[in-house]
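Chemist: structure of the sequence below:
(4 chains)
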4 protein chains.
Amino acid sequence: MANSKFEYVKDFEQPDALLPNTWIVVRIDGRGFHKLSDHYAFVKPNDRRALDLMNAAAVAVMKDLPDLCIAYGVSDEYSFVFHPTCQLFERRNAKLVTTIVSTFTAYYIHLWSTYFPSKPLQPPYLPSFDGRAVIYPSARILRDYMSWRQVDCHINNLYNTTFWTMVQQGDMSNTDAEQELKGTVSADKNEILFKRFGINYNNEEEIYKKGSVLYRQYELQQPSQEHEVGDEDESSISEPKQSRSQQDKLKKLRRKAQVVVDHVDIIRDEFWQRRPWILSGKPGKLPAADSNDTQATQ
Amino acid sequence: MANSKFEYVKDFEQPDALLPNTWIVVRIDGRGFHKLSDHYAFVKPNDRRALDLMNAAAVAVMKDLPDLCIAYGVSDEYSFVFHPTCQLFERRNAKLVTTIVSTFTAYYIHLWSTYFPSKPLQPPYLPSFDGRAVIYPSARILRDYMSWRQVDCHINNLYNTTFWTMVQQGDMSNTDAEQELKGTVSADKNEILFKRFGINYNNEEEIYKKGSVLYRQYELQQPSQEHEVGDEDESSISEPKQSRSQQDKLKKLRRKAQVVVDHVDIIRDEFWQRRPWILSGKPGKLPAADSNDTQATQ
Amino acid sequence: MANSKFEYVKDFEQPDALLPNTWIVVRIDGRGFHKLSDHYAFVKPNDRRALDLMNAAAVAVMKDLPDLCIAYGVSDEYSFVFHPTCQLFERRNAKLVTTIVSTFTAYYIHLWSTYFPSKPLQPPYLPSFDGRAVIYPSARILRDYMSWRQVDCHINNLYNTTFWTMVQQGDMSNTDAEQELKGTVSADKNEILFKRFGINYNNEEEIYKKGSVLYRQYELQQPSQEHEVGDEDESSISEPKQSRSQQDKLKKLRRKAQVVVDHVDIIRDEFWQRRPWILSGKPGKLPAADSNDTQATQ
Amino acid sequence: MANSKFEYVKDFEQPDALLPNTWIVVRIDGRGFHKLSDHYAFVKPNDRRALDLMNAAAVAVMKDLPDLCIAYGVSDEYSFVFHPTCQLFERRNAKLVTTIVSTFTAYYIHLWSTYFPSKPLQPPYLPSFDGRAVIYPSARILRDYMSWRQVDCHINNLYNTTFWTMVQQGDMSNTDAEQELKGTVSADKNEILFKRFGINYNNEEEIYKKGSVLYRQYELQQPSQEHEVGDEDESSISEPKQSRSQQDKLKKLRRKAQVVVDHVDIIRDEFWQRRPWILSGKPGKLPAADSNDTQATQ
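Modeler: From the prediction side, this is the model:
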């Protein structure tokens, strides 16, 4: 029995390779996490276990896909970034997105009991994630994307911290707190926290204020003024398409690096200047074993 | 701190809604399942526990997404079908695909220990799936797609059954078995099984020969000759776009139906004629509690 | 001097083949024809020479591309329809659209002096057209598209006829006429025309009321009730992809047929039932030389 | 008569906006120009009238669309380039491509009799063009695209010049000339021209060797070494999206500049360094009336 009679249906599959030499960002989001966080009674405004679980799943994704050069997570969302030179899966959109979504989900479910030992998962309340890929034509715009997410993290966390403090410590109803915060700016919220509750927002934990940034760790470099980071990487210009063997060699080097979880400013230049390998796509020098200055998560 | 400075990056998100009034098939595939099935020592040629786990995850997806009208699974792949009238997520490609991939993965990982109690999952050997959406413009072509998968199931299963019988019962090396089967047709393989090993392929289990088909169960109808099933559904013609309330009503009706797992021929007309609700997208009459003639799953 | 160093730029060309087995409609529109019709003093509300020129250019396009099965024109727009089985240019979107737009423009400019002998073209007032392709998954929807354009023709023509009659024969200002017509329905406009100006709209020329429909002429058939025209064409089902030689044979047959310009109702079934070759994509029987009952063009 | 019943067909129109902040190249090609050049007896290997006609049509397109920043033509093809900041037609692919194709065709047909006064156009031998848009993520790659076309121009022209000299002056058959040229490199062809026919290829006309480059003329600048042209343009970085009024202002400035036709090297940096407005998208200073050092074309 040959299958040729029906094989014409394959012609309906349409190509979806992403434009070459562009940054690929795959952002995933928790599906219905509002309901889910109620069901499993996540701590408000931030549940440290839930964030650590997100980060653990993201680290696993970074290790599974050495082509990823950086990732940034906040709340129930995570952005994974492929370098313009990435050729993984011939840059097929659906393949890249679903691989990340599925791997992330697998680790999130598998590791759940480690982070929530007393709250076993109860179907149909299983966490799941949707995702999409977006391409950005330059390092400058990629950095603006990352800044956008980190500013969003800050705005939401300041709001949530203030709101939940008013509710939890100020005994206000949700509606009253919401009403009072309507139209306020950052300074107003800072003042509410400080004057009414004696909370200095600056002292809140960095993971809540800055989100989590994941990357492979090499020796940090001194920031230089000569070279504006975020310019078009020249290496990618002269070698617009890497050979298979080059790619494999780079992949191996990347596997050797430790993936670290950091909670730092990624808006200013310094972060990128000290870690030039992220935007260049070229692995740096592996650090000596004791020289890490960030929290390591192997 | 306003986020407006960076928000322009949202302009890079490109729309990906799938063409209206077409069948949407989301097919997912296990990533690296060859290696995985070795690691967890799946039984060859078919591991019943692994197939049952696939089916259980697929049933959960069908329940989670009432818009799905049928699904078909074989080996480590599953195809999920949305009706042309489906408006879920405004038919956005990435959203539909990642939701299915993630939900499927979540259940597969969560239910693993039920089906493989003695083989706990061991990272980094976590099962994951990739997926893609393909659209088909008519019911006829959708049926040809389904036939294509079932014919593929048959071809592969006959080959695998013969190969592994030669290896396991005939004490042949993998290479020798492969060599002997090269160029053989179905009749040859049937003969090898029967003459050398006394195995009548027709008596093999239906789940292995036919794969698994999932759908919502309503009262079966008598096949009629008047109406060629697979013609353009006329209802979808006169109502090319359903209202939101219509959609919600249909969704509720579909949630009430039981999702069944069947192992039957879906190439011939009979299957579709007796279950007109699959191609029409209109829920049938719920069957009396004792009238199921197929294996029910929850 | 080899060109290999720069050839990588070809990788940025992205595939744009249109989904197989769908109807392709290429609609073109005059660019800035409002201004243009003022410059060349087109007669209001309808300039017969301008419409005849549009039709002549469209007939040339139909002859140049035998794959086209029908076209419909109104005002400064034209819709050209390819059958689902069409394989021209491997169904590449840009290639199909630009070929039609360019061929149409070429004939429109070349034939201008035939239809406007006393008004030579004056750059930069050269007529040009933009266009786009849209695909439709079924004959029913394709017919609804055609109906949409013809209803639009009617609505606009009734409005324009009334408006310009009020201005030209009723000595009203444009603003006053526009004001009075605001919110009126068809019956109101018919009454204005009849009561004030003694004009029975039904007696207006068919080309203005119905637009122009172009197709290849074969022997008309008796409308039958058995077969609902607009159903999925069964031939395209059993032969989802025609061989190259089949396509060439059909192309030759189509070249032999005369392209006619008709001004008839294409909303009701009759038009399609009497000309089954349009939706089937299968050439009919060439009519005897004297049997034409429609206006023939070359 | 309302049109609402059929208006749902508009939902099938799919968005096709091109990725923001990327270079858009629309390349058009003559359809069947081999046959056409035979029919109208174009001079071989280069017909100056035909090239001048191509250039005249391209200049008209540049004037019609001030958003275009450069164009390059060779033989029967032309590439038109929009800057990354271009917002014309909301960057809709089909709209941009068809507008260029149609405008170019209109001028080509209209101006034909000026360049070929003794050879009136004879339908169905009307020239037409197809086209497509390709996007490039950086100025470096855009320049590589332009270089690719100019290298192609050189390779083809050297081949054609040698081939036709062998045929026309050397009395060789087409087949013999083709046979002898098979496998030759540039040096071989230069030698054939020089030794057999006394032709120094370097003395051939620049328009044939370099093709034609079109741009708006401003005061040339001294090339500087500090600033590598082709780097990511910083202006586009800080203003990723221009306001409507900014765009209109720039459009007006561009309309004032003369479009010139040049036949120069566009592969080396010098061309781009002396004309920084092309890659920056920012109009330069209009030159004094007598300072043009290139051939001006109104």
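Chemist: okay, CA-based contacts and neighbour counts for the rest of this
Modeler: OK.
Chemist: how close does A:Ala57 get to B:Pro124?
Modeler: 11 Å (C-alpha to C-alpha, to the nearest Å).
Chemist: report the beta-bridge partners for the residue positioned nearest the centre of chain A.
Modeler: In chain A, the residue lying closest to the centroid (C-alpha atoms, centre = their mean) is A:Tyr72, at 2.3 Å. Following DSSP bridges, A:Tyr72 is listed with bridge partners A:Ser79, A:Val213.
Chemist: report the separation between it and B:Ala71.
Modeler: 35 Å.
Chemist: equivalent analysis for A:Gln242, please.
Modeler: 40 Å.
Chemist: the more surrounded of the two?
Modeler: Between A:Gln242 and B:Ala71, B:Ala71 has the larger neighbour count (other C-alpha atoms under 10 Å in any protein chain shown), namely 24 against 13.
Chemist: smallest gap between chain A and chain D, at which residue?
Modeler: A:Pro137 (4.9 Å; C-alpha to the nearest C-alpha).
Chemist: neighbours of that residue, just the number please.
Modeler: By other C-alpha under 10 Å, neighbour count at A:Pro137 equals 24.
Chemist: give me the pLDDT value at the residue nearest to the centre of chain A.
Modeler: pLDDT, A:Tyr72: 98.
Chemist: who's in contact with it?
Modeler: A:Tyr78, A:Ser79, A:Phe80, A:Met146, A:Gly211, A:Ser212, A:Val213, A:Leu214 (C-alpha atoms under 8 Å, 6 or more residues apart in numbering or on different chains).
Chemist: turn those into TSV, including pLDDT and neighbour count.
Modeler: Compiled in TSV, these are given as follows (pLDDT from 0 to 100; neighbours: other C-alpha atoms under 10 Å in any protein chain shown):
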residue	pLDDT	neighbour count
A:Tyr78	98	26
A:Ser79	98	23
A:Phe80	98	23
A:Met146	98	23
A:Gly211	98	27
A:Ser212	98	26
A:Val213	98	25
A:Leu214	98	23
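Chemist: and which of the residues you listed is nearest to chain B?
Modeler: A:Met146 (9.0 Å).
Chemist: what about the closest one, distance to A:Phe271?
Modeler: 12 Å.
Chemist: now swap in A:Pro127 and tell me
Modeler: Counting by C-alpha to C-alpha - A:Pro127 and A:Phe271 are separated by 32 Å.
Chemist: what of A:Val25?
Modeler: Distance from A:Val25 to A:Phe271, by C-alpha to C-alpha: 19 Å.
Chemist: of these two, which one has the most company?
Modeler: More crowded of A:Val25 and A:Phe271, by other C-alpha under 10 Å: A:Val25, with 25 against 16.
Chemist: just the helices in the stretch 151-298 of chain A please.
Modeler: Assigned by DSSP state H, counting those that start in this stretch, the stretch 151-298 of chain A shows helices spanning A:174-181, A:186-191, A:197, A:206-210, A:234-238, A:244-256, A:269-274, A:276-280.
Chemist: tell me if the last one is near chain D.
Modeler: No: using C-alpha under 8 Å from any C-alpha of the partner chain, no contact is recorded between helix A:276-280 and chain D, whose separation bottoms out at 14.5 Å.
Chemist: packing partners of that helix?
Modeler: strand A:68-74 (3 or more C-alpha pairs under 8 Å, 6 or more residues apart in numbering or on different chains; DSSP states H and E).
Chemist: surely A:Leu220 meets A:Arg274?
Modeler: Yes: counting by C-alpha atoms under 8 Å, A:Leu220 does reach A:Arg274; the two are 5.3 Å apart.
Chemist: quick one: buried residues of stretch A:51-62?
Modeler: A:Leu51, A:Leu53, A:Met54, A:Asn55, A:Ala56, A:Ala57, A:Ala58, A:Val59, A:Ala60, A:Val61, A:Met62 (16 or more other C-alpha atoms under 10 Å in any protein chain shown).
Chemist: mind saving the C-alpha coords of it as CSV?
Modeler: Taking C-alpha atoms only, stretch A:51-62 is exported to CSV below (Å, rounded to 0.1, in the frame of the first residue of the first chain):
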residue,chain,number,x,y,z
LEU,A,51,9.9,32.8,40.2
ASP,A,52,12.6,30.3,41.1
LEU,A,53,10.7,27.6,39.2
MET,A,54,10.4,29.8,36.2
ASN,A,55,14.1,30.5,36.3
ALA,A,56,15.0,26.8,36.7
ALA,A,57,12.9,25.9,33.7
ALA,A,58,14.5,28.7,31.7
VAL,A,59,18.0,27.6,32.7
ALA,A,60,17.1,24.1,31.4
VAL,A,61,16.0,25.6,28.1
MET,A,62,19.2,27.6,27.8
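Chemist: need the contact partners of that stretch.
Modeler: Taking C-alpha under 8 Å, 6+ apart as the rule, stretch A:51-62 contacts A:68, A:71, A:73-76, A:78, A:100, A:103-105, A:107-108, A:111-112, A:115, A:212, A:214, A:259-261, A:297.
Chemist: starting at the chain centroid, how far to that stretch?
Modeler: 9 Å (C-alpha atoms, centre = their mean, to the nearest Å).
Chemist: please apply the same query to stretch A:202-211.
Modeler: 16 Å.
Chemist: low-confidence stretches in the stretch 101-250 of chain A?
Modeler: A:224-241 (pLDDT under 70).
Chemist: again, only using 90
Modeler: A:222-250 (pLDDT under 90).
Chemist: contact residues of it facing chain B?
Modeler: Counting by C-alpha under 8 Å from any C-alpha, the stretch 101-250 of chain A sits next to chain B at A:101-103, A:105-107, A:109-110, A:126-132, A:134-136, A:141, A:144-145, A:147-148, A:151-152, A:155, A:185-186.
Chemist: sitting in helices, which of the residues you listed do you find?
Modeler: A:101-103, A:105-107, A:109-110, A:141, A:144-145, A:147-148, A:151-152, A:155, A:186 (DSSP state H).
Chemist: what subset of those is buried?
Modeler: A:101-103, A:105-107, A:109-110, A:141, A:144-145, A:147-148, A:151-152, A:155.
Chemist: for those, which two are the farthest from each other?
Modeler: A:His110 and A:Ile141 (34.9 Å; C-alpha to C-alpha).
Chemist: list the contacts of A:Ser212.
Modeler: So A:Ser212 contacts A:Asn55, A:Tyr72, A:Gly73, A:Val74, A:Val261, A:Asp262, A:His263, A:Val264 (C-alpha under 8 Å, 6+ apart).
Chemist: next, count neighbours for the third one.
Modeler: This points to A:Gly73. 27.
Chemist: if I look at the closest residue to it other than its chain neighbours, how far off is A:Ala58?
Modeler: Nearest non-adjacent residue to A:Gly73, counting by C-alpha to C-alpha, 6 or more residues apart in numbering or on different chains: A:Ser212, 5.1 Å away. Noted for A:Ser212: a distance of 10 Å to A:Ala58, by C-alpha to C-alpha.
Chemist: hmm, A:Ile267 is touching A:Leu142, no?
Modeler: No: counting by C-alpha under 8 Å, A:Leu142 is not a contact partner of A:Ile267; they are 11.0 Å apart.
Chemist: helix, strand or coil for A:Gln14?
Modeler: Applying DSSP: H, G, I helix; E, B strand; the rest coil to A:Gln14 yields a three-state assignment of coil.
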